[in-house]
Structures are given as structure tokens and as C-alpha cells.
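Novice: A predicted structure for the sequence below; I have some questions about it.
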Amino acid sequence: KKKRQTFVAKKQSDNSDVKGNWVYFPWINTLIHTVDEVSYFRLRTNRNKNLITATEQDKLHGAKVGITGLSVGNSIATSLAYSGVGTFHLADFDYLETVNLNRMRAGLQDIGKSKLDIATEQIYEIDPYAKIVPWADGLKEKDLDGFLNSGGGLDAVFDEIDDFEMKIRLRLAARKARIPVLMFTSLGDNILVDIERYDLDPDMEIFGGLIGDVP
């Protein structure tokens, strides 16, 4: 399956009487005129003021978040975009299948499409000014340093991958970089929430020590 690069083109209007930017969404062949980046951010997050302060909102906007695994991770990515997070490192090699439609905001028309493209397009439709760094081959051991540390380093990483070895390697690399790891996992009728604050305790055992010593 051919991988398609997803992009959004933004251009300041040349007409001084027409303020703002033009945003082109190639996947729906649509060109939209909207306000400038700062105004758009303030308008879009206006009602968040009932939940967080303006200072906290700006801090959230400046946050850099990594998400690996974009099935469950899709909802995490779009929720963070709605909340105002501005920079994403996204990793997934897989393509949408019908069995994924129990947990992804996608439709039958998207079957066979890259999960990375789906998440990227959804984020851009929420925030065309978002900064997204894609990892189309998924997260490999050789990519860990770049995924976690490029662009000044992540503030947090969400682990939603299935590969248990990579879960361990991700945590070892995140612990070294002092980046917190969050994981949400379905356990039938329950949900496991795992939060490992390596930013606060770089000596913390992976998985909180619950799996013992792992080679």
C-alpha cells in the first residue's frame, strides 16, 4: 500500500483588506479562509477558561506530546488537539481495518487508509496550525531517541502499542530522557491507567516495578 504524505498549506493573504490565512485540506479538496494563528487559538480555546487558567492554556499549547499506536491513540491525539496542545510526534505503521471501528473515530470509507494519515488529518481539521512530526514506519528501537528528544524533547509520551518489547524499550529510553509515560489499556470490563513520572523520579522501576526485573 502506497504511503501518502499528508500536509496543510497555509498562506498569508496578499490583500491587505483581507486578514488572516488560507488553509487547504487536500484530502477533502477544500480551501478555507480563517483568522490568523493567534486569533484562531484564542477563539478555539475560549471556553477552556472554565476549566483552566490562561497561563495553563498557554503552557498546554506549548507542550510537545508523543503518541505511539493510533487506534486507542487516535482518541488521545484528537482530545489533546481539542484541548490546545500544539505539537505532536505520531507513530504508527498500520492501516485501518473494520475491526478497528470499535475504538477509532473513522468510517467505512476509511478502511485501508493509514492510521497515521487519519489522525494527522483529524488534528489539522481541528487546528491547521498544529505541528506534527509523523513516524510512518511506527516506533522502532532505532527511532526512540529521535521520537523522544528531537525538537527540544517531548513533555509526555502516550504508549498505545501492542509490542511488549517496545513498551519496555520505550520506558527505558523515556526514563533516561526523564519524560513521563502514560498508558491506557482495556482489561475487559475495566481500564488500566499506568502513569510513570520519570520526570520526577528517574530511578523509578518500569511499570512501577510490578513486572519485576526484565532483561
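Specialist: That came through, no problem.
Novice: list phi and psi for Asp94.
Specialist: The main-chain torsion angles of Asp94 are listed as degrees, to the nearest 10 and equal phi -90, psi 170.
Novice: I should have written Gly66 there, sorry.
Specialist: phi -100, psi 140.
Novice: does it touch Ser150 like I think?
Specialist: No: with contact defined as Cβ atoms under 8 Å, Gly66 does not reach Ser150; the gap is 10.0 Å. All C-beta atoms are positioned from the backbone trio N, CA, C, and that covers glycine.
Novice: what is in contact with these two at once?
Specialist: Contact criterion Cβ atoms under 8 Å, 6 or more residues apart in numbering; residues bridging Gly66 and Ser150 by contacting each: His89.
Novice: settle it for me: which of those two has more neighbours?
Specialist: Using other Cβ atoms under 10 Å as the criterion, Gly66 and Ser150 rank with Gly66 on top: 26 against 13.
Novice: can you pull the contacts of the more buried one?
Specialist: Gly66 makes contact with 88-91, 147-148, 154, 156-158 under the criterion Cβ under 8 Å, 6+ apart.
Novice: repeat that with 7 Å
Specialist: With contact set as Cβ atoms under 7 Å, 6 or more residues apart in numbering, Gly66 has these partners: 89, 147-148, 154, 157-158.
Novice: among these, which ones are in helices?
Specialist: Counted as lying in helices by DSSP state H, out of these, are 147-148.
Novice: and the contacts of Gly66, which is closest to Leu108?
Specialist: The closest of these to Leu108 turns out to be Phe158 (Cβ to Cβ; 26.7 Å).
Novice: may I ask which helix or strand of the chain has the lowest mean pLDDT?
Specialist: strand 9-12 (a mean of 57; mean pLDDT, DSSP states H and E).
Novice: next secondary structure after that one?
Specialist: The first helix or strand that comes after strand 9-12 along the chain, using DSSP states H and E, is strand 21-25.
Novice: for this protein, which segments are assigned as helices?
Specialist: Here the chain has its helices, by DSSP H, at 37-44, 54-61, 72-83, 115-126, 144-149, 164-177.
Novice: what sits closest to Val23 if chain neighbours are left out?
Specialist: Pro128 (4.3 Å; Cβ to Cβ, 6 or more residues apart in numbering).
Novice: er, Ile123 actually
Specialist: Distances taken as Cβ to Cβ, 6+ apart put Ala81 closest to Ile123, at 4.6 Å, once the chain neighbours are dropped.
Novice: which residues touch that neighbour?
Specialist: By Cβ under 7 Å, 6+ apart, the residues touching Ala81 are 123, 126-127, 130.
Novice: okay, it and Gly188: tell me how far apart.
Specialist: Separation of Ala81 from Gly188 (Cβ to Cβ, to the nearest Å): 29 Å.
Novice: please identify the most buried of the helices of the chain.
Specialist: helix 115-126 (a mean of 22; mean count of other Cβ atoms under 10 Å).
Novice: residues making contact with it?
Specialist: By Cβ under 7 Å, 6+ apart, the surrounding residues in contact with helix 115-126 are 4, 6, 8, 25, 27, 70-71, 74, 77-78, 81-82, 88, 90, 92, 94-96, 105-106, 110, 130, 132, 134, 136.
Novice: please redo it, this time with the cut-off set to 6 Å
Specialist: Residues external to helix 115-126 that are found in contact with it (Cβ atoms under 6 Å, 6 or more residues apart in numbering): 6, 8, 27, 70, 74, 77-78, 81, 90, 92, 94, 96, 106, 110, 130, 132, 134, 136.
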